[in-house]
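>>> the following block contains a protein sequence and its predicted model.
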Amino acid sequence: MTTNPPSPPRRALDSLRARLASRPPVEAPEVYGKDAIRNVVRALPPLERAYSRARFSILRPKLLSVMDLLLADEGRILDVGCGFGLFAAYFGQTHPRRRIVGIDPDERRIRIARDVSARLGLGAHEFHVGDVRDASLVGPFDGAYVLDVMHHLPEGDQRRVLERLRGLLKPGGVLVVKDITTEPRVGLLFTEVLDRLMVGWREPLAYRHHREWGEMLSGLGFKVRMVRVPDVLPYPHVVIAATKLGA
Ligand SMILES: C[S@@+](CC[C@H](N)C(=O)[O-])C[C@H]1O[C@@H](n2cnc3c(N)ncnc32)[C@H](O)[C@@H]1O
């Protein structure tokens with residue numbers, strides 16, 4: 001008796017099953033929280049170590065874990081305004097199958113981000129100098145995140161950037177936006193003073209209320225969920241998970 005060879009769709013399904021079977025059924029991060037942060041800090045030059053400690057005291061382990069769970073655990077992930085690559089290095093350690101692509105206009109930051117990733121053995125990460133508004137970025141991405149960057153973009157460009165990010169994501173891909181909302185006012189004022197110490201008084205800062213971000217994202221074809229994240233300091237953090245609907 002002769003048997004027919006499996007059809008191409010059957011072969012693809014068999015190969016997917018084989019790949020899934022070769023993986024452990026449940027994966028939990030081995031390196032996370034303070035250990036992962038310590039590794040990132042140690043991989044930085046001395047001056048940036050101080051900055052990164054301040055940054056990780058704002059984006060604390062619990063806040064990072066919230067975002068970690070929202071982000072795709074593997075595949076290509078875009079880090080918009082990646083800076084020194086602190087969070088690419090963090091999220092790359094918790095889920096090593098992530099291939100993070102960072103973009104930032106600051107050449108020095110990108111050089112350091114590359115160096116940090118190399119030191120941590122995250123060789124699949126890549127970093128490019130560029131402005132998210134016009135850099136050549138090739139999708140599709142399995143996920144994307146924008147951590148405290150949206151309010152640094154001019155108000156008139158913010159929607160266009162989110163629209164661009166939607167176009168770069170796979171259907172069902174999640175865009176995680178961490179930003180600062182505008183209430184309570186005292187929290188916003190506190191954050192703005194600290195932001196101004198970093199960027200000076202000339203750069204426009206364009207914060208928005210979390211509901212405004214939600215409406216903008218849902219108008220662009222995302223399903224939106226968000227949480228306000230309490231902090232011992234008065235930062236009015238908001239984390240938004242926007243899932244791309246449709247094609
Ligand atoms: C407050 S820092 C946050 C850096 C990093 N996301 C983090 O959380 O540590 C803002 C970053 O946004 C970057 N940035 C500002 N305008 C940008 C733009 N148009 N496109 C991409 N990145 C931008 C800055 O260079 C800077 O590194």
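Perfect, I can see it now.
>>> what residues does this protein put near the ligand?
55, 80-83, 86-87, 103-106, 109, 131-133, 147-149, 152-153 (CB under 6 Å from any ligand atom). Glycine gets a C-beta too; all of them are placed from N, C-alpha and C.
>>> so which residues make contact with stretch 213-221?
150, 158-159, 162-163, 166, 175, 177, 179, 208, 224, 226, 238, 240, 242, 244-246 (CB atoms under 8 Å, 6 or more residues apart in numbering).
>>> in ChimeraX, how would I select just the buried ones from the residues of the chain next to the ligand?
Per 16 or more other CB atoms under 10 Å, the buried members of the residues of the chain next to the ligand correspond to this ChimeraX selection:
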select :55,80,81,82,83,86,87,103,104,109,132,147,148,149,152,153
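>>> just the residues of the chain next to the ligand: which are in strands?
Among the residues of the chain next to the ligand, DSSP state E puts 80, 103-104, 147 in strands.
>>> can you tell me the centre-most residue of the protein?
Tyr145 (2.6 Å; CA atoms, centre = their mean).
>>> buried residues in stretch 93-104?
Buried, per 16+ other CB under 10 Å, within stretch 93-104: 93-96, 98-104.
>>> give me the neighbour count for Glu183.
Glu183 has 12 neighbours, counted by other CB atoms under 10 Å.
>>> just the one 3 residues further on next, same as before
Here the number of neighbours of Val186 (other CB under 10 Å) works out to 10.
>>> in this structure it contacts Tyr235, no?
No. Val186 lies out of contact with Tyr235 (CB atoms under 8 Å); the separation is 11.0 Å.
>>> list the neighbouring strands of the longest strand anywhere in the chain plus their orientation.
When the chain is parsed with DSSP E, its longest strand is strand 169-180. Partner strands and pairing direction for strand 169-180 (DSSP bridges) are strand 141-147 (parallel), strand 237-244 (antiparallel).
>>> what is the mean pLDDT for it?
The average pLDDT within strand 169-180 is 98.
>>> next, the buried residues of that strand.
169-170, 173-180.
>>> just put those in JSON lines and tack on distance to Arg119.
Compiled in JSON lines, these are given as follows (distance: CB to CB, whole Å):
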{"residue": "Leu169", "distance to Arg119": "29"}
{"residue": "Lys170", "distance to Arg119": "30"}
{"residue": "Gly173", "distance to Arg119": "29"}
{"residue": "Val174", "distance to Arg119": "28"}
{"residue": "Leu175", "distance to Arg119": "28"}
{"residue": "Val176", "distance to Arg119": "25"}
{"residue": "Val177", "distance to Arg119": "28"}
{"residue": "Lys178", "distance to Arg119": "25"}
{"residue": "Asp179", "distance to Arg119": "29"}
{"residue": "Ile180", "distance to Arg119": "30"}
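>>> which residues touch the nearest residue to Gly85 once chain neighbours are set aside?
Closest residue in space to Gly85, ignoring its immediate chain neighbours: Ala113 at 2.7 Å, by CB to CB, 6 or more residues apart in numbering. With contact set as CB under 8 Å, 6+ apart, Ala113 has these partners: 82-85, 88-89, 102, 104, 127.
>>> repeat that for Leu168.
78, 137, 139-141, 144.
>>> and the least confident of the residues you listed?
Within the contacts of Leu168, lowest confidence goes to Gly139 (93).
>>> was I right to think it contacts Arg166?
No. Gly139 is beyond contact range of Arg166, at 10.0 Å (criterion: CB under 8 Å).
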